[in-house]
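Peer 1: One predicted model, sequence on top.
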Amino acid sequence: MGFRKGALTFSRYRLIGDLPDHFPAFFDERIRKNAFQNVWRTSDEKAMGWTALDDPLDTDFPYASYAQGRYQLFSMRIDRKALAPALLRLRVLEAERKQLADTGQKRLYREQREAIREAVRLDLLGKSLPTPSLFEICWSVPDHTLILGSLSDKVFEELQELFRDSFQIALCPYLPWDQQPRDPQQIPEPSLPAGVDPLSIGREFLTWLWFKSEERSGKIQLPNLGEVEVLFVRRLVLESGDGEYAEQVVCQGMHADLKEGKEALRQGKKITAARLRVAHDKTEWEFTFKADRFHFQSMKLPTLPEGDEEETDREGQLLERIYLIEKVTGLMDQLFGTFMTIRLSGDWAHEQGRMEKWLR
């Protein structure tokens, strides 16, 4: 499930730095050089590299199969080997007793035990098979943005490392309130004024969006786009505090206008995630939106008409799905922009008063 079909879960990133003038040739050479290599019979714990989007075994990229329109579409494959701690302890104990029997020693020194453990660990790793993971990537070259089919911070860190080594380009999370400079030598200027907390601005936005969605039966007016319909459906997550002191309330049902959700807001909690249904221009999406990082989870795209199995049709449907992804993320960005325009204006106090009345 992913860019080709089914529901999608993804995060967005910006590219920092300029691309070389001979980018197509550069990209072709670098993606092949950093393609995935099997480690099935080695003692390496992890291997990662690039593969084709459709075929995890294709690391040759024949005929530049990654290029689709203005996008570079491929996957990051990560294979990991993991040893069960109980198995490792048992094999180490067996090796230590054999060493004592073979040498006649009464006990082993610490250096000997460490050497035995490492030798056993490497032997077991060499005999074990890895668990593969695949993460789809859509790189919009002109926009200097990238979509990753994962929400994991660890996966993003691994992508950062591999992407930098492969293409000499840095990545940073896409946050509409944190406009990073394209040039890595520039110092980013804070895009939020004093008094606006970047750690909670996403939660403020989602709370405001819930208020706006109920103000006119889901209809929200956007400049140059007309009306967008936003409905909160089935699931709402609210939270207060941080770390071990965080308290969370989850509201579930056919509609998210549950009394406990508004009661949690009245108690000072903020919305961290919500299941949204967004409609514009006779097109409808449904997804879970995570406010803190502007992430999208389990997104259902509008159903496309089924075509035949010709390759050209498959490519067209793929590009259509990517267009739909970019359209709905663009709508969410514009909704956030509308919120920020009000949030940073003199009208915010009036808007807060209306929201408090809505809660009461």
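Peer 2: That came through, no problem.

Peer 1: Please list all residues in contact with Val230.
Peer 2: By Cβ atoms under 8 Å, 6 or more residues apart in numbering, the residues touching Val230 are Leu209, Lys212, Ser213, Gly218, Ile220, Leu276, Arg277, Val278, Leu335. C-beta here means a position set from N, CA and C on the backbone, and glycine is covered the same way.

Peer 1: before we move on, what SS does the fifth one have?
Peer 2: Using DSSP: H, G, I helix; E, B strand; the rest coil, the structure places Ile220 in strand.

Peer 1: Surely it touches Trp210?
Peer 2: No - in this structure, Ile220 is not within contact of Trp210 by Cβ atoms under 8 Å, at 11.3 Å.

Peer 1: quick one: low-confidence ranges for the stretch 201-350 of the chain?
Peer 2: 241-245, 253-258, 304-312 (pLDDT under 70).

Peer 1: which stretches of it form strands?
Peer 2: Assigned strands in the stretch 201-350 of the chain, in chain order: 219-222, 226-240, 247-252, 270-280, 283-290, 295-300 (criterion: DSSP state E, counting those that start in this stretch).

Peer 1: which one of those lies closest to Leu124?
Peer 2: Of all those, strand 295-300 sits nearest to Leu124, with 36.1 Å by Cβ to Cβ.

Peer 1: if we look at that closest one, which residues are touching it?
Peer 2: So strand 295-300 is contacted by 7-11, 151, 273, 285-290, 325, 328-329 (Cβ under 8 Å, 6+ apart).

Peer 1: hmm, try it at 6 Å
Peer 2: Ala7, Leu8, Thr9, Phe10, Ser11, Leu151, Glu286, Phe287, Thr288 (Cβ atoms under 6 Å, 6 or more residues apart in numbering).

Peer 1: tell me what the longest helix anywhere in the chain is packed against?
Peer 2: Ranked by residue count and defined by DSSP state H, the top helix of the chain is helix 311-343. Applying 3 or more Cβ pairs under 6 Å, 6 or more residues apart in numbering; DSSP states H and E, one finds that helix 311-343 contacts helix 201-215.

Peer 1: tilt between the helix it packs on and helix 311-343?
Peer 2: 90 degrees (axes from the mean of the first three to the mean of the last three Cα atoms, to 10 degrees).

Peer 1: How about residues contacting helix 201-215?
Peer 2: 177, 220, 230-232, 270-272, 274, 291-292, 336, 339, 355, 358.

Peer 1: Could you chop the protein up by domain?
Peer 2: As assigned by automatic domain parsing, the chain contains the domains 8-81+129-173, 85-127, 201-359.

Peer 1: Out of these, flag the one nearest Gly2.
Peer 2: Of the domains of the chain, nearest to Gly2 by Cβ to Cβ is domain 8-81+129-173, at 4.6 Å.

Peer 1: Distance from the closest one to the middle of the chain?
Peer 2: Between the centre of domain 8-81+129-173 and the centre of its chain there are 14 Å (Cα atoms, centre = their mean, to the nearest Å).

Peer 1: how long is it from one end to the other?
Peer 2: Terminal residues of domain 8-81+129-173 lie 18 Å apart, using Cα to Cα, to the nearest Å.

Peer 1: repeat for stretch 252-265
Peer 2: End-to-end for stretch 252-265, by Cα to Cα: 15 Å.

Peer 1: Show me where the stretch 1-150 of the chain dips below the pLDDT cut-off.
Peer 2: 1, 39-41.

Peer 1: where exactly do the helices run in it?
Peer 2: 23-33, 85-103, 110-127 (DSSP state H, counting those that start in this stretch).

Peer 1: do you know which of those helices lies nearest Ser43?
Peer 2: helix 110-127 (4.3 Å).

Peer 1: Which one's more surrounded, Ile220 and Trp210?
Peer 2: Between Ile220 and Trp210, counted using other Cβ atoms under 10 Å, the more crowded position is Trp210 (24 against 21).

Peer 1: Perfect, I'm done here.
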